[in-house]
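S.K.: The following comprises the amino acid sequence and a computationally predicted model.
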Amino acid sequence: MRNILLIHCHDLGRFLGSYGVETVSTPHLDALADESALFEQAFATAPHCSPARASLFTGTYPQSNGVLGLTHDPFSWDLVEPRAHIAHRLQSVGYQTELVGVHHESRVLADDVVASRLGFDRARTGGARDVVVDRATDALRRMAAGDSPFYLQVGFTEPHRVSSERDRPGVMGFLADGVEPDTSLGHTVPVHLLDDDGAREEIAELQGAVKHMDEGVGSILAELDALGLRDTTLVVFTTDHGLALPRAKCTLYDAGLGVALMIRHPAKPAWAGKRVAGIVSHVDVMPTLLDEAGLPLPDGLAGTSLRPAIEDGQASRTHCFSQLTYHTYYDPKRSVRTSTHKLIINFSNAPRAMDPTQSWIHRSLPADLGGPTIGTSTAIELYDLQADPDELENLARNPNQSGILRELSAALFDWMQECGDPLLRIQQPSSRHGIALKSLEDARLSEQLQTTRK
């Protein structure tokens with residue numbers, strides 16, 4: 001068994017130099033990427049915090065683990081079984097376990113209660129970057145003096161949006177204490193946003209917040225080295241979901257689900273600098289950590305170890321599944337992604353994309369505004385990710401895509417059944433929900449019939 005340091009942050013997506021964003025200053029994470037196996041196509045199971053983290057730390061989907069929405073008041077979603085958390089599994093075999101910073105994967109309660117429920121010896125939640133760094137480095141010093149391997153889970157709030165006196169009225173930006181806008185290397189406005197003055201102002205703040213977080217990661221990794229723990233500690237870095245920008249966070253587009261994921265393995269130098277191209281899911285992280293710790297995988301995990309994908313180039317999975325149910329309001333969506341296509345089913349007549357900006361005034365706007373009003377989402381969205389990686393052209397009504405639509409619908413419906421999706425139990429035949437569900441069922445039956453005829 002070896003030590004595990006898992007560092008995660010809010011709302012980052014893949015906005016790092018190591019993922020090709022040339023205008024953001026992330027030297028510490030870029031250096032870690034060079035020493036790690038980096039997953040180019042890793043995806044969250046949800047485009048918002050609590051459900052995504054619940055999957056990351058339990059290896060199960062939100063429909064199975066119970067976290068279908070945010071875990072703080074007044075939402076108060078919770079894990080059905082808190083002992084399914086990786087901390088509890090590691091603690092039960094002798095690991096020292098500690099939580100520092102962001103905790104949002106189970107019901108938000110007092111630190112001692114969170115620790116007891118999830119399997120941490122100690123929990124010190126919350127705090128901005130410098131507080132998290134101080135607590136994490138303190139934890140490393142104490143755990144290094146112990147006789148047992150450790151699991152240290154460190155969560156940064158940055159680059160989440162935060163209220164600031166520097167914001168204009170009606171705006172919540174990224175200017176946490178100590179964060180300054182950064183344009184030293186220019187701007188990178190995502191393709192799905194209009195590249196205008198408002199977006200550039202917002203991206204400058206975002207780049208500053210990411211730089212700020214990167215410096216915190218660097219401080220923790222430097223302490224790990226100073227304590228002589230580099231050669232005995234497996235390091236993971238990831239984030240919960242995509243950027244807190246329009247048509248990203250709170251959507252099932254790749255901009256909302258794509259995440260940075262890198263694993264540095266001290267005993268496997270061949271992993272260093274390996275870039276894994278296949279699609280992987282956050283539910284695969286926990287099985288990988290248990291596998292590398294030499295522990296058996298418990299029953300009921302949705303993911304599998306990523307070791308074969310890293311070492312042998314084997315495809316980790318054919319499909320990545322994701323969902324949105326509740327964030328600030330009920331907006332049930334489900335999606336399935338392959339290496340070439342994405343299917344999204346929208347079960348409600350909600351706006352086309354939930355707003356993740358926490359602001360009355362929007363500085364960044366989607367590139368595909370499509371009209372003067374927000375409008376509602378269509379029941380079915382289908383995208384060819386090779387021809388249209390930004391998911392701007394919906395092909396659901398294109399007869400040439402009927403085969404892939406049937407195939408993905410069948411896969412999505414089967415997944416919803418496997419994880420006990422509560423949407424399957426809702427019977428509203430004349431509503432959008434009923435229309436969407438019937439389209440899935442019909443396509444699945446059609447795919448089964450096509451398969452039988454072959």
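M.R.: Received it, and whenever you're ready, just let me know what you need.
S.K.: drop to CA atoms for contacts and neighbour counts, all remaining ones
M.R.: Fine.
S.K.: Can you spell out which helices and strands pack onto the host helix or strand of residue 63?
M.R.: Following DSSP states H and E, one finds residue 63 within helix 62-65. Here helix 62-65 touches helix 49-58, going by 3 or more Cα pairs under 8 Å, 6 or more residues apart in numbering; DSSP states H and E.
S.K.: Which strands or helices does the helix it packs on pack on?
M.R.: helix 62-65, helix 285-292.
S.K.: cutoff 6 Å now
M.R.: With contacts taken as 3 or more Cα pairs under 6 Å, 6 or more residues apart in numbering; DSSP states H and E, helix 49-58 sits against no other helix or strand.
S.K.: For the stretch 51-200 of the chain, which segments count as helices?
M.R.: Along the stretch 51-200 of the chain, counting by DSSP state H, counting those that start in this stretch, helices occupy 62-65, 86-91, 111-118, 129-144, 197-226.
S.K.: Distance to residue 19, mean neighbour count and mean pLDDT added to these, as CSV?
M.R.: Formatted as CSV, those follow (distance: least, Cα to Cα, whole Å; neighbours: other Cα atoms under 10 Å; pLDDT from 0 to 100):
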stretch, distance to residue 19, mean neighbour count, mean pLDDT
helix 62-65, 27, 22, 98
helix 86-91, 27, 22, 98
helix 111-118, 32, 18, 98
helix 129-144, 23, 18, 98
helix 197-226, 13, 21, 98
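S.K.: Of all these, which one comes closest to residue 320?
M.R.: Comparison of these against residue 320 by Cα to Cα identifies helix 62-65 as nearest, at 13.7 Å.
S.K.: Check the gap between residue 392 and residue 39 for me.
M.R.: According to Cα to Cα, to the nearest Å, residue 392 and residue 39 sit 24 Å apart.
S.K.: So, low pLDDT: which residues of the stretch 251-400 of the chain?
M.R.: Applying pLDDT under 70 to the stretch 251-400 of the chain picks out residues 370-371.
S.K.: Just the strands from it, written as ranges.
M.R.: For the stretch 251-400 of the chain, the strands defined by DSSP state E, counting those that start in this stretch occupy 258-259, 261-264, 275-281, 320-326, 330-337, 341-346, 380-384.
S.K.: out of the ones you listed, deepest packed?
M.R.: strand 258-259 (a mean of 28; mean count of other Cα atoms under 10 Å).
S.K.: thinking again about what came up before, which one of residue 392 and residue 39 has more residues nearby?
M.R.: residue 39 (25 against 15; other Cα atoms under 10 Å).
S.K.: any idea how far residue 277 is from that one?
M.R.: 6 Å.
S.K.: and residue 147, what is it in contact with?
M.R.: Residues counted as contacts of residue 147 (Cα atoms under 6 Å, 6 or more residues apart in numbering): none.
S.K.: leaving aside the residues next to it on the chain, what's closest to residue 342?
M.R.: residue 383 (5.2 Å; Cα to Cα, 6 or more residues apart in numbering).
S.K.: pretty sure that neighbour is touching residue 340, no?
M.R.: No. Residue 383 lies out of contact with residue 340 (Cα atoms under 6 Å); the separation is 8.6 Å.
S.K.: and residue 354, which of the helices of the stretch 51-200 of the chain is closest to it?
M.R.: If we rank the helices of the stretch 51-200 of the chain by Cα to Cα, the stretch that ends up nearest is helix 197-226, at 18.0 Å.
S.K.: Partner strands of whichever helix or strand comes after that closest one and their direction?
M.R.: Toward the C-terminus, helix 197-226 is succeeded by strand 233-239 as the next helix or strand (DSSP H and E). With DSSP bridges as the test, strand 233-239 is paired with strand 3-9 (parallel), strand 261-264 (antiparallel).
S.K.: Run through who's touching strand 233-239.
M.R.: Residues contacting strand 233-239 (Cα under 6 Å, 6+ apart): 3-10, 12, 260-265.
S.K.: Pipe the strands of the stretch 251-400 of the chain into CSV and attach distance to residue 305 per row.
M.R.: Shown next, in CSV, are the strands of the stretch 251-400 of the chain (distance: least, Cα to Cα, whole Å):
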stretch, distance to residue 305
strand 258-259, 18
strand 261-264, 12
strand 275-281, 10
strand 320-326, 15
strand 330-337, 19
strand 341-346, 24
strand 380-384, 28
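S.K.: For residue 92, find the nearest of those.
M.R.: strand 261-264 (23.5 Å).
S.K.: Report the separation between the two terminal residues of stretch 9-27.
M.R.: 16 Å.
S.K.: ok, so what distance separates the spatially closest residue to residue 132 that is not a sequence neighbour from residue 8?
M.R.: Once flanking residues are discounted, residue 132 sits nearest to residue 101: 5.5 Å by Cα to Cα, 6+ apart. According to Cα to Cα, residue 101 and residue 8 sit 10 Å apart.
S.K.: Need the overlap of contacts for the two.
M.R.: Common contacts of residue 101 and residue 8, defined by Cα under 6 Å, 6+ apart, comprise residue 155.
S.K.: re earlier: which other residues reach the helix holding residue 63?
M.R.: 51, 68, 79-80, 419, 421.
S.K.: top of those residues by neighbour count?
M.R.: residue 51 leads those on contacts (other Cα under 10 Å) with 35 neighbours.
S.K.: I figured that residue hits residue 70, correct?
M.R.: No. Here residue 51 does not reach residue 70: they are 7.1 Å apart, not a contact under Cα under 6 Å.
S.K.: Overlap in contacts, those two.
M.R.: Counting by Cα under 6 Å, 6+ apart, nothing touches both residue 51 and residue 70.
S.K.: Outline the domain layout of this protein.
M.R.: 3-311, 320-453 (automatic domain parsing).
S.K.: winner for burial among the ones you listed?
M.R.: Highest mean neighbour count among the domains of the chain (mean count of other Cα under 10 Å): domain 3-311, a mean of 21.
S.K.: Compute the first-to-last residue distance for that domain.
M.R.: The first-to-last residue distance of domain 3-311 comes to 21 Å (Cα to Cα).
S.K.: go on, stretch 268-283?
M.R.: Using Cα to Cα, first and last residues of stretch 268-283 are 22 Å apart.
S.K.: centre of the chain versus it, how much separation?
M.R.: Here stretch 268-283 is found 16 Å from its chain centre; the criterion is Cα atoms, centre = their mean, to the nearest Å.
S.K.: Tabulate the helices of the stretch 51-200 of the chain (TSV), appending distance to residue 435.
M.R.: Output for those, formatted as TSV (distance: least, Cα to Cα, whole Å):
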stretch	distance to residue 435
helix 62-65	21
helix 86-91	38
helix 111-118	39
helix 129-144	46
helix 197-226	37
